[in-house]
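Engineer: Predicted model and sequence below, questions to follow.
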Amino acid sequence: MDGHDWQLAAFLAGDLDAADVVRWDEHLLECERCWRAVRDDRSGRAAAQLLRQPAPAGLGDRVRLAVELAAAGAASWRQPRRAVRPRRRALAGAGALAAGLVVAAVVLLPGGRAALPAPVAAVARYAQTLPPPASHPERGTGRGAVPIEVGQPVTLAAGGRRIVTRKWRMGAAEVVVAVSGRPFPMPPGAQGASGGGMAWSARAGKLSLYCLNGKTSELVAAPVPPAELARLAARLPPP
Amino acid sequence: MGGAPASYVGVSGVGDDHRAFLDATLPHVDVVFQVARHAAGDGQEPEDLVQETYLRAYAAFGSYRGENTRAWLAAICLNAARSDARRRRRRPQEVPAQALLDALPAAGDCGAPDVADVVIAGLDAQAVSRCLALLPEPQRVCVVMMDVAGYTARETAEVLGCPRGTVLARVHRGRRRLAGLLAEAGVAHGRP
């Protein structure tokens, strides 16, 4: 790029003073090469502007959620850490999960604003983006419906761990299934659903939560009553 | 842009710094997305890059002095894209310009096309995107920053850490080259 081209770029950017602009206007009337360069510049700019498109709906919410989870994770590291029980046996099947949930006494966390451990809070926060089943009555009750995975897995970072979450739709209901390599801590006041801390269940606001600890820890969350969550969880494919 | 869900569970012990961060940065998510769309490497979703950008920005928010938020976010986005490319330890897929032209019907013996006669608006965005990808990276980044994302030359210079005159030269060369590539494609498409 020679000095002439640099001046042309400055002319196109509106950087030249009035006298230089007049000189360039006159020059462009006579110089085919420069006139062509100006037209190419404008054509290229117009073409590039075709690529503008709005951000996908929900991206702002997703970013907000990620930042809030990061903030929650940072806060959890500043708090005394709870000891977690070691895993004692392999992850049971979905049927066992359902059975455990049905017999579990469910603890309502007061006001839906309980001090959930950061990894559990992260999953709960994500599950709160799910629509309530009543939002999609056209999809039916979900009884007998085949589980359909919705979207792509989302990895959350909270409490110093990575949690892989998947959304499943079964009829009108959607659930979040979160899998972590470390057990999800039991929230204060939650109810153990089986011996030895293998499983626990809780309520957080409108959400039902159920956790089953095995080789991996699996946390299921949905804005449905506990019995409904049990029914849905029983039909989920194995992780 | 929706806020937190009405039935927000709440997370104990979280301060308000992230709210200040979100107030300052979330209005720019659209423009950051424009940059991310063209900075994301193979196998990386632009939405993931935007999220990574915001997480990095949040981590650095304490040292941010607030000169130009959207320029700051763009710089982080470009750095995050480069980091991801390094992490994946694979070069970005490059398509030689000739390969694109070879894929089109022969343009025959006609002379050099007059770019301005090409109906740019008739080209679909996908074709523009393909041709944009053929530009050398310095030109491509400047075109994306200024013409796609809407940054000024001064902001682009701040993001890239180079003089404003360099940005103007790069964007000018990039636009001309982009127009040239599109003209080639447009002429070829227009022939029987």
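Structural biologist: Perfect, I can see it now.

Engineer: Show the contacting residues for the closest residue to chain A within chain B.
Structural biologist: Nearest residue of chain B to chain A (CB to the nearest CB) works out as B:Arg175 at 2.9 Å. Backbone N, C-alpha and C define where each C-beta goes, glycine included. Applying CB atoms under 8 Å, 6 or more residues apart in numbering or on different chains to B:Arg175 gives the contacts A:Asp40, A:Asp41, A:Arg42, A:Ser43, A:Gly44, A:Arg45, A:Ala48, B:Val143, B:Asp147.

Engineer: OK, contacts around the second one?
Structural biologist: In this structure, A:Asp41 makes contact with A:Leu12, B:His172, B:Arg175, B:Arg176, B:Ala179, judged by CB under 8 Å, 6+ apart.

Engineer: Which of the residues you listed sits closest to B:Leu73?
Structural biologist: Proximity of the contacts of A:Asp41 to B:Leu73 (CB to CB) peaks at B:Arg175, which lies at 24.2 Å.

Engineer: any idea how far the closest one is from A:Arg36?
Structural biologist: Using CB to CB, to the nearest Å, one obtains 13 Å as the distance from B:Arg175 to A:Arg36.

Engineer: what's the following helix or strand after the helix or strand of chain B with the lowest mean pLDDT?
Structural biologist: In chain B, no helix or strand scores lower on mean pLDDT, DSSP states H and E than helix B:97-102, which sits at a mean of 44. Later in the chain than helix B:97-102, the nearest helix or strand by DSSP states H and E is helix B:125-133.

Engineer: Helices along the chain, start to end?
Structural biologist: No chain in the question, so chain A it is. Remark: helices assigned in chain A by DSSP state H are A:3-12, A:18-30, A:32-49, A:59-78, A:94-103, A:118-127, A:226-234.

Engineer: could you do chain B instead?
Structural biologist: Using DSSP H, helices in chain B cover B:17-25, B:29-39, B:46-59, B:69-88, B:97-102, B:125-133, B:137-143, B:153-160, B:164-189.

Engineer: Pull the residues that contact the first one.
Structural biologist: When you say that, I think you mean helix B:17-25. With contact meaning CB under 8 Å, 6+ apart, helix B:17-25 is reached by A:64, A:67-68, A:70-71, B:54, B:57-58, B:61-62, B:66, B:69, B:73.

Engineer: List just the nearest of those to A:Leu207.
Structural biologist: For the contacts of helix B:17-25, the minimum distance to A:Leu207 (CB to CB) is 16.3 Å, reached by A:Glu68.

Engineer: so the closest one makes contact with A:Ala124?
Structural biologist: No: here A:Glu68 lies out of contact with A:Ala124, judged by CB atoms under 8 Å, at a distance of 11.8 Å.

Engineer: Neighbour count for the two, which is higher?
Structural biologist: Of the pair A:Glu68 and A:Ala124, A:Ala124 is the one with more neighbours under other CB atoms under 10 Å in any protein chain shown, namely 27 against 22.

Engineer: returning to that earlier point: what is the most widely separated pair among the contacts of helix B:17-25?
Structural biologist: A:Glu68 and B:Gly66 (21.2 Å).

Engineer: Residues touching stretch B:71-80, excluding its own?
Structural biologist: Taking contacts as CB under 8 Å, 6+ apart, the residues outside stretch B:71-80 that touch it are B:25, B:28, B:31-32, B:35-36, B:39, B:49-50, B:52-54, B:56-57, B:60, B:64, B:141, B:145, B:149, B:151, B:155, B:158-160.

Engineer: returning to that earlier point: just put the helices of chain B in JSON lines and tack on distance to A:Ala178.
Structural biologist: Below are those laid out as JSON lines (distance: least, CB to CB, whole Å):
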{"stretch": "helix B:17-25", "distance to A:Ala178": "22"}
{"stretch": "helix B:29-39", "distance to A:Ala178": "25"}
{"stretch": "helix B:46-59", "distance to A:Ala178": "17"}
{"stretch": "helix B:69-88", "distance to A:Ala178": "24"}
{"stretch": "helix B:97-102", "distance to A:Ala178": "44"}
{"stretch": "helix B:125-133", "distance to A:Ala178": "35"}
{"stretch": "helix B:137-143", "distance to A:Ala178": "37"}
{"stretch": "helix B:153-160", "distance to A:Ala178": "37"}
{"stretch": "helix B:164-189", "distance to A:Ala178": "44"}
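
Engineer: relative to its centroid, which residue of chain A is most remote?
Structural biologist: Residue farthest from the centre of chain A, counting by CA atoms, centre = their mean, is A:Glu30 at 58.6 Å.

Engineer: Least confident secondary structure element in chain A?
Structural biologist: helix A:94-103 (a mean of 37).

Engineer: For A:Val120, give me its contacts.
Structural biologist: A:Phe184, A:Pro185, A:Pro187, A:Leu209, A:Cys211, A:Leu219.

Engineer: Please repeat the previous calculation with a cut-off of 6 Å.
Structural biologist: By CB atoms under 6 Å, 6 or more residues apart in numbering or on different chains, the residues touching A:Val120 are A:Phe184, A:Pro187.
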